[in-house]
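Trainee: quick one, fold the following:
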Amino acid sequence: MDKKTILAFVLIGIIVVLMPYYYKLISPAPAVQEQTAKPAAVSDTVKEKEISPAGEQVTDTAGIKELAGEGTVAEPVLWQDTAAVYEEKFALVETPYYIAKFSSSGGKIISFRLKEYSDRRGGITEMIMKNPVKESYYPNAYLTFQRSNLSTDKLNFHFSREGINIRPGESGELILTAELSGGTVRYVYTFDGDNYRINLNTSIQGLNLDDEYYFRWDGGVNVTELDTVQDLSYSKAYAMMGGVLETFDVKSRGEKRISPAGQVSWIAVRAKYFEIAMIPEGNSQGIDFAGKKISGGKNGWKQFNLALKMEKSGNELNQDYMLFIGPMDSQRLSSLRMGLEETMNWGWVVIKPFSKVILWSFKLLHHIIPNYGIVIIIFSVVIKLILWPLSKKQNKSMKQMQALSPYLKELKEKYKGDPQKFQKEQMRLFKENKINPYGGCLPMILQMPILFALFIVFRSTIELRGAPFMLWIKDLSLPDTILDLGFTIPMYGNQVSILPIIMGVTTFFQSKSTATDPNQKMIVYFMPIFLTLLFNSFPSGLTLYYTLFNVLSIAQMKMTKEEARPMEVHFDSSKKKAFKGRN
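Mentor: Model prediction:
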């Protein structure tokens, strides 16, 4: 390898090393592993025989009560017209995609489990965050009237039914009602058996309340990954205000709050792979976001309290919302036609198109080939074929530079006291021999956005989460760990992965086959070790791609070796001129 090629490799390494810090600054870039399952059939949680096809009320609720449990909540609150102590009840809603559990205390959702996705701990993913300090559930989907001193999370609600089982193609309705002094607060939830969207109608009748109020969701998205540090690094809140995406995050310990006014289309909060969004019918008049970060370590967590500022007209309130509680799947988010896909992390502006094209290509191939590991292999071959002419030109350029190396050395010695003269003569030497000194770097430069885009796709897209390949490679979005060290080695990590070692070996043979200058011996041994250390904590899908690309590059060099004949260079040192010989 010539010095320019070596420099390019080093720059790639430096950029990749700095990538985690880049994620911390902007987006950023904190595992028993399960495969992503297809939407599950309706489970036995709510027995089919207990529910009619239309989703009628369950008549035998023994199974529900056993799962949900019962309790009591004290403290009557302002506006509440009930006894001092009331019994807390629960209602369950099950669709092919999720199981939701509601509490009569505040009418909040205390559990929302996604049946398609594992939580990497042996269960299914739980979306609702529980306060780890107080061991209580955050209130959500509730209304607050500050001047009237009413907060609906303090009310006791009654359910229209205790359980609903919704099949594909069906919908079901759950009504929550709180009877107050002279009035009624009512929530009407409508669930769809074909997606993660939930329609919510909020209405208040008979109460003299101020016109300004807030629709709130506290807590954020529950931590779902074993690597909580990485999960938290993706955790943020968003608002679409005036067609512009606004991002809210807490990056240090302590509290932060913003309350800007303006037209708001929706608000959302996300973790690494999952999102909760609230979309009002019509526009909100502003937002009220509060955030708090408690540590950034293994047991750290972020709390986001989000609110839409709303206004009612007249004595009664009747407002519709759409909730999305589910995976950050680009196709599902785009189908809402609200711009929620903008909350996904695609990388820098330059990298974003590459990330989208790569994910689109993967999903297209996955429709035909069910194994994403095989998809990566095919993708590697296709990219190599596309870059084949450029790689061939790169090899030729490297051979030309090697042929000129002795003469460059002579010029450097001759003009060691005059750098400007040396540069001039060096460029004349290149020109006379019709050599582009940067030609060997072009394929590498073209690969860089692909490499970064692959890093983003494997690290943060739901499609690759839990996708297995073969043998010990169980999840292409995680390192292919075979041994947990129990301690951390700087830059290497706390685990041993196999693919980075294989990649390091292929890098060594690739470097050795191209290096002819004895001065490059250090690089031949340094780069494989450096990349092995670096890729040990990278997603195994990315390492698989890079390893295959190395193997294909070695094969290409062997195939084109016979075509490359040494270039003859005639150099007249007295005239300081080189002449290109025949190839």
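Trainee: can you pull out the strands in the stretch 301-450 of the chain?
Mentor: Counting by DSSP state E, counting those that start in this stretch, residue ranges of the strands within the stretch 301-450 of the chain are 301-311, 317-327.
Trainee: give me the nearest residue to residue 240, chain neighbours excluded.
Mentor: residue 265 (4.2 Å; C-beta to C-beta, 6 or more residues apart in numbering). C-beta: built from backbone N, CA, C; applies to glycine.
Trainee: got it, and residue 103?
Mentor: Among residues not flanking residue 103 along the chain, residue 110 sits closest, at 4.9 Å (C-beta to C-beta, 6+ apart).
Trainee: tally up the residues packed near the closest residue to residue 411 other than its chain neighbours, please.
Mentor: Beyond its immediate neighbours in the sequence, the residue positioned closest to residue 411 (C-beta to C-beta, 6+ apart) is residue 425, lying 5.2 Å away. In terms of burial, residue 425 registers 20 neighbours under the definition other C-beta atoms under 10 Å.
Trainee: hmm, who's touching stretch 465-482?
Mentor: For stretch 465-482, the external contacting residues (C-beta atoms under 8 Å, 6 or more residues apart in numbering) are 31, 33-36, 117-118, 120, 273, 371-374, 376, 458-459, 461, 464, 493, 495-500, 536-541, 543-544.
Trainee: and it, what's buried?
Mentor: Within stretch 465-482, the residues that count as buried by 16 or more other C-beta atoms under 10 Å are 465-469, 473-481.
Trainee: in TSV: these, plus secondary structure.
Mentor: TSV is the format used below for the buried residues of stretch 465-482 (DSSP: H, G, I helix; E, B strand; the rest coil):
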residue	secondary structure
465	coil
466	coil
467	coil
468	coil
469	coil
473	coil
474	coil
475	coil
476	coil
477	coil
478	coil
479	coil
480	coil
481	strand
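Trainee: let me know the closest of those to residue 350.
Mentor: Of all the buried residues of stretch 465-482, the one sitting nearest residue 350 is residue 477; the distance, using C-beta to C-beta, is 23.2 Å.
Trainee: would you list the phi and psi of the closest one?
Mentor: Dihedral pair for residue 477: phi -90, psi 0, per degrees, to the nearest 10.
Trainee: need the contact list for the residue nearest to residue 103.
Mentor: 90, 101-103, 128, 137.
Trainee: next step: those restricted to strands.
Mentor: 90, 101-103, 137 (DSSP state E).
Trainee: re earlier: need the strands of the stretch 301-450 of the chain in JSON lines with distance to residue 185, mean pLDDT and mean neighbour count, can you?
Mentor: Compiled in JSON lines, the strands of the stretch 301-450 of the chain are given as follows (distance: least, C-beta to C-beta, whole Å; pLDDT from 0 to 100; neighbours: other C-beta atoms under 10 Å):
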{"stretch": "strand 301-311", "distance to residue 185": "15", "mean pLDDT": "93", "mean neighbour count": "22"}
{"stretch": "strand 317-327", "distance to residue 185": "9", "mean pLDDT": "95", "mean neighbour count": "20"}
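Trainee: can you say which of those strands is nearest to residue 343?
Mentor: Checking the strands of the stretch 301-450 of the chain against residue 343 by C-beta to C-beta gives strand 317-327 as the closest, at 10.6 Å.
Trainee: helices and strands around that closest one, which ones?
Mentor: In this structure, strand 317-327 makes packing contacts with strand 109-118, strand 197-205, strand 212-219, strand 274-280, judged by 3 or more C-beta pairs under 8 Å, 6 or more residues apart in numbering; DSSP states H and E.
Trainee: tell me the strands beside it, with direction?
Mentor: For strand 317-327, the paired strands and their directions (DSSP bridges) are strand 197-205 (antiparallel), strand 274-280 (antiparallel).
Trainee: can I get the CA coordinates of the strand or helix carrying the residue nearest to residue 240 in CSV?
Mentor: Of the helices and strands defined by DSSP states H and E, residue 265 is found in strand 261-270. Output in CSV follows, covering the C-alpha atoms of strand 261-270 (Å, rounded to 0.1, in the frame of the first residue of the first chain):
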residue,chain,number,x,y,z
ALA,A,261,-45.8,28.2,22.0
GLY,A,262,-46.8,27.5,18.4
GLN,A,263,-48.7,25.1,16.2
VAL,A,264,-47.8,21.5,17.0
SER,A,265,-48.7,18.5,14.8
TRP,A,266,-47.5,15.8,17.2
ILE,A,267,-45.2,15.0,20.1
ALA,A,268,-43.2,11.8,20.6
VAL,A,269,-40.7,10.1,22.9
ARG,A,270,-38.4,7.2,21.8
